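Visitor: Model the following, please.
(one chain, ligands or ions: 2)
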Amino acid sequence: MKTQDLSSLESVRLRYRAVRHHRMKLVLKVQDQILTSLRDFLRKERFIEILAPIIGPATDPGIRGAKQVSIQYYGAPFKIMSSMILYKQMMISSFEKIFALSPNIRLEPLESAKTARHLAEFRQIDLEMAYASYDDAMNLAEGLLISVVRDVKEKCGGELKGLGRELTEVYGSFKRLTHKQAVELLRSNGYMVSYVEEIPWDAEAALSAMHEAPFFVYDYPLVSRGFYDREDPNRPGILRDFDMLYPEGYGEAISGGEREHTYEGVLKRMKLTGVDPEEYGWYLQMLKEGVPHSVGFGIGVERLTRWICGLKTIWEAVPFPKVPGIASP
Ligand code: AMP
Ligand code: MG
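Guide: Ligands and ions are numbered 1, 2, ... in the order given. The predicted structure follows:
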């Protein structure tokens, strides 16, 4: 059996063998440090860790073609969280800075297995800050990544060496491209991507491969994102949101943005993005009563592990991977 090659689907199906391999252990040691460093950094920034929800009446619809999973909860239709974004907005009424290690289920399209960066089950460190802007959030994301890379290099040098990964230190002032500038760059390299849509997976990988350090893309066009990303009041059609991308072809690391938090604003955006307000009863009621304005982002833990360890696939970066379309433990 080819379970030695952890990028093989055989090693996903026969996971009880794969988890014993030396290489897998090295990855999991690094992942343990990554989780420790993420938490240490956020605590220093005075974030409070909360427990993430797993099920609820509604979840994040802005998931780029993936399907949500529905369950019956004592006769009521419930969803498994595709992200806890609505709950983060609930919590910042209580604490100004919160985060959670949030497990998410998204039935991604079958072809996403080929990107090597999509799982059907993954985890984010998902955070939210009240009364802050997307510039604050990008600055925080930058500091977070610098700190995690520094810690891993310092504490897991042996593991990185064993994995054959030469991880270069990252420094501040990450490059920041507007979505428009990113599209122009892609177009000048032969990727005829749209100015008014999300960047497709292949173009995102190409954009990432053009860079040697992490960078941001910000100001996405209006209908490319969920109803909760805030439109710039002075620049209609542009959202005050961002992604951070890893270099070397690894693609998206983070998505985040300022929140549309007014009842009327959200209703308008729900109509525009084809979301049925009926399904978001408690959330809309909460907005009617008022929540602080806020900004937040989520960083995928498996993707971060993959990039730090320099792994061919995301399923080498998690003990029990769920690859779209593959039944495994
Ligand atoms: P999103 O808000 O949809 O961009 O998700 C936030 C972050 O979670 C992304 O930037 C990724 O790091 C991670 N993520 C999203 N979808 C997946 C997936 N299918 N598999 C692994 N990680 C994911
Ligand atoms: Mg995203």
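
Visitor: tell me which parts of this structure are close to ligand 1?
Guide: 63, 83, 106, 108, 118-119, 122, 124, 252-255, 298-300, 302-303 (Cβ under 6 Å from any ligand atom). Every C-beta, even on glycine, is put in place using the N, C-alpha and C of the backbone.

Visitor: In strands only, show me those residues.
Guide: 122, 124, 252, 253, 254, 255, 298, 299, 300 (DSSP state E).

Visitor: Run through the bridge partners of the third one.
Guide: Read that as residue 252. Counting by DSSP bridges, residue 252 is bridged to residue 245.

Visitor: That one reaches residue 303, doesn't it?
Guide: Yes: contact criterion Cβ atoms under 8 Å: residue 252 and residue 303 qualify, at 7.3 Å.

Visitor: Report the set of residues contacting both of the two.
Guide: Listed as contacting both residue 252 and residue 303 by Cβ atoms under 8 Å, 6 or more residues apart in numbering are 117, 246.

Visitor: before we move on, the earlier item: just the buried ones from the ones in strands among the residues of the chain next to ligand 1?
Guide: Buried members of these, scored by 16 or more other Cβ atoms under 10 Å, are 122, 124, 252, 253, 254, 255, 298, 299, 300.

Visitor: Tally up the residues packed near residue 285, please.
Guide: For residue 285, the count of nearby residues is 10 (other Cβ atoms under 10 Å).

Visitor: That should have said residue 98, apologies.
Guide: Look at residue 98: counted by other Cβ under 10 Å, it has 23 neighbours.

Visitor: same deal with residue 137?
Guide: That count, for residue 137 with other Cβ under 10 Å as the rule, works out to 26.

Visitor: distance of residue 194 from residue 6?
Guide: Going from residue 194 to residue 6 by Cβ to Cβ, to the nearest Å gives 36 Å.

Visitor: Those two - which one has more neighbours?
Guide: Ranked by neighbour count (other Cβ under 10 Å), residue 194 and residue 6 place residue 6 first, with 22 against 13.

Visitor: quick one, what contacts the residue nearest to that one when sequence neighbours are not counted?
Guide: Setting aside the residues directly before and after it, residue 6 is nearest to residue 316 in space (Cβ to Cβ, 6 or more residues apart in numbering), at 4.4 Å. Residue 316 makes contacts with 6, 7, 23, 24, 27, 306, 309, as judged by Cβ under 8 Å, 6+ apart.

Visitor: where along the stretch 201-329 of the chain do the helices fall?
Guide: 201-209, 263-272, 281-289, 301-309 (DSSP state H, counting those that start in this stretch).

Visitor: which helices and strands does the last one pack with?
Guide: Right, the one you point to is helix 301-309. Helix 301-309 sits against helix 22-44, strand 121-130, helix 134-155, strand 251-258, with contacts defined as 3 or more Cβ pairs under 8 Å, 6 or more residues apart in numbering; DSSP states H and E.

Visitor: In the stretch 151-300 of the chain, what residue comes closest to ligand 1?
Guide: residue 300 (2.5 Å; Cβ to the nearest ligand atom).

Visitor: what pLDDT does that residue get?
Guide: For residue 300, the pLDDT comes out at 98.

Visitor: who touches the helix or strand where residue 16 lies?
Guide: Here residue 16 sits within helix 15-18, counting by DSSP states H and E. For helix 15-18, the external contacting residues (Cβ under 8 Å, 6+ apart) are 1, 3, 6, 11, 12, 24, 319, 320, 321, 328, 329.

Visitor: Could you give me the PyMOL syntax to select whichever of those are buried?
Guide: Burial among these is assessed by 16+ other Cβ under 10 Å; the matching PyMOL selection reads:
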select buried, resi 3+6+11+12+24+321
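
Visitor: can I get the contacts of helix 15-18 in CSV with pLDDT?
Guide: Listed next are those as CSV, based on pLDDT from 0 to 100:
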residue, pLDDT
1, 50
3, 65
6, 93
11, 94
12, 96
24, 97
319, 96
320, 97
321, 97
328, 96
329, 95
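
Visitor: closest to ligand 1 among the contacts of helix 15-18?
Guide: Among the contacts of helix 15-18, residue 321 lies closest to ligand 1 (Cβ to the nearest ligand atom), at 9.8 Å.

Visitor: partners of whatever residue of the stretch 1-150 of the chain ends up closest to ligand 1 in the sheet?
Guide: Nearest to ligand 1, among the residues of the stretch 1-150 of the chain, is residue 122, at 3.6 Å (Cβ to the nearest ligand atom). Residues in a beta bridge with residue 122, per DSSP bridges, are residue 104.

Visitor: mind listing what it touches?
Guide: Counting by Cβ under 8 Å, 6+ apart, residue 122 makes contact with 103, 104, 106, 300, 301, 302, 303, 318.

Visitor: and if you look at residue 25?
Guide: By Cβ under 8 Å, 6+ apart, residue 25 has no neighbours at all.

Visitor: Quick check: the gap between it and residue 202.
Guide: 33 Å.

Visitor: same check, this time on residue 143
Guide: With distances taken as Cβ to Cβ, residue 143 is found 31 Å from residue 202.

Visitor: same deal with residue 140?
Guide: Residue 140 is 30 Å from residue 202, where distance means Cβ to Cβ.
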